[in-house]
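**Student:** coordinates only, sequence not included:
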């Protein structure tokens, strides 16, 4: 199954990513780029996007990238470093890149940037690759 077919199998059954308003920019083996616009209901009490928004966008890019090889993969560890605030109407882009593809464990780095290219979050993820393949 191609990376794009895997993406659609996952995304079409992912109401949270759909709620975020995630749009696919590109997907290929070991990589995925997603884009979304921050909405008012995503803001916290300080008037900035809740940290879970950029985390969730990065996590979705991570999920699609680590499943792109056609095997079911799940996260086993994730970290995020928020480096700048995000505001309503900001357009965020997350780029997930595979750093290591192992037989059962793989590592990914995901950058989240604003529309002007400035970074807002750096996310790292480790996935466990199951034996089951996407059908």
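**Tutor:** Now that the structure is in, tell me what you want to look at. In this text, all values refer to a predicted model and were calculated from it rather than measured experimentally. Numbering: from 1, shown residues only.

**Student:** What's the local residue count around residue 18?
**Tutor:** Residue 18: 11 surrounding residues under other CB atoms under 10 Å. (Glycine included, C-beta is placed from N, CA and C.)

**Student:** Let's verify it: helix, strand, or coil?
**Tutor:** State at residue 18, reduced to three classes by DSSP: H, G, I helix; E, B strand; the rest coil: helix.

**Student:** Can you give me every residue that contacts it?
**Tutor:** residue 11 (CB atoms under 8 Å, 6 or more residues apart in numbering).

**Student:** Quick check: residue 125 vs residue 59, distance?
**Tutor:** Counting by CB to CB, to the nearest Å, the separation of residue 125 from residue 59 is 7 Å.

**Student:** Kindly report the same for residue 128.
**Tutor:** Residue 128 is 15 Å from residue 59, by CB to CB.

**Student:** Repeat that for residue 4.
**Tutor:** To residue 59, residue 4 is 20 Å away according to CB to CB.

**Student:** more crowded one of these two?
**Tutor:** In this view residue 4 and residue 59 are compared by other CB under 10 Å, and residue 59 has more residues nearby, 21 against 14.

**Student:** in which helix or strand would I find that one?
**Tutor:** helix 51-67 (DSSP states H and E).

**Student:** Can you point out the buried residues in that helix?
**Tutor:** Residues of helix 51-67 classed as buried by neighbour count (16 or more other CB atoms under 10 Å): 53-67.

**Student:** Can you name every helix or strand that it contacts?
**Tutor:** Judged by 3 or more CB pairs under 8 Å, 6 or more residues apart in numbering; DSSP states H and E, the packing partners of helix 51-67 are helix 3-11, helix 15-20, strand 31-37, strand 71-82, strand 91-101, strand 105-113, strand 119-133.
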